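Visitor: Show me the folded form of this:
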Amino acid sequence: MKITAAILLTLFLLPVFMTGQNKFDSYYQGVLGEYEMRMVFGAEGDWRLMINAVSLDKNISGGFCIMEDEYTEFYKGLKFIRDKYQEWTKIAIDNKVESFMKTVDIDLYTICIWADIEKGYRDEDVKLVPRFNVTKVGRRVNYNMNIYSGELQDVENKYSRADDFVIFFESHEQMTHFLSKISPDKIQAYLTKPRVEDLFKD
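Guide: Predicted coordinates:
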């Protein structure tokens, strides 16, 4: 059974009095396909951005959940990682480096939520692990920045664990494009867009 984003969020977010969820955007992970971003609204009008991600555990689906009050720090953190990605890629190219791995030193935390076919889980203290990786395959040298969640542990049951979620970036430009999809301007435009039901007046 494939767990869709809608099923996952229904499983997990009912306890926080979810009033609505809508597709916000999507992004691609190469041959792994398209992954959705969804905007979820709480009963008091607060929002959170759910970014579905590749799971290293084939039995679960889920991703990163960015709360409204943590969004700015999260976005700035990703921009810092993007800039470091550009810097390190240039150094690797200039020095003809063909094999290297280094983790970006940044304290950037978020929430991860996931589900199997039975129930939903969450880890509320996830420190992201951005890892720069240079590899050579044939004649091609690849410069990747992959953002991992690390192993996950459910907040309610320490024995419920899951492998990493990860977002793969193959170029600085690809990461810039991803950032444009979750930019403050994009968020604001979405939040101020009239709802469909508000277009039809009594």
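
Visitor: what mean pLDDT would you report for stretch 72-86?
Guide: Predicted confidence along stretch 72-86 averages 98 (mean pLDDT).

Visitor: And for stretch 111-126?
Guide: 90.

Visitor: Any buried residues in that stretch, and which?
Guide: 111, 112, 113, 114, 115, 116, 120, 121, 122, 123, 126 (16 or more other CB atoms under 10 Å). Heads up, the C-betas are built off the backbone N, CA and C, glycines and all.

Visitor: go on, stretch 40-58?
Guide: For stretch 40-58, by 16+ other CB under 10 Å, it's 40-42, 47-55, 57.

Visitor: for stretch 128-147, same thing?
Guide: Judged by neighbour count using 16+ other CB under 10 Å, the buried positions of stretch 128-147 are 128, 129, 130, 132, 134, 143, 144, 145, 146, 147.

Visitor: Give me the phi and psi for residue 188.
Guide: phi -60, psi -40 (degrees, to the nearest 10).

Visitor: For the protein, which segments are assigned as helices?
Guide: Along the chain, the segments classed as helices by DSSP state H run 5-13, 71-94, 172-181, 184-192.

Visitor: Enumerate the positions of the third one that are buried.
Guide: Buried residues in helix 172-181, defined by neighbour count with 16+ other CB under 10 Å: 172, 174, 175, 178.

Visitor: quick check: mean pLDDT across that helix?
Guide: 97.

Visitor: Also the first one?
Guide: Taken as a whole, helix 5-13 has an average pLDDT of 45.

Visitor: Return the closest of the buried residues of stretch 40-58 with respect to residue 31.
Guide: Using CB to CB, residue 54 is the member of these that sits closest to residue 31, with 11.0 Å.

Visitor: And that closest one, what's its pLDDT?
Guide: Per the predicted model, pLDDT is 96 at residue 54.
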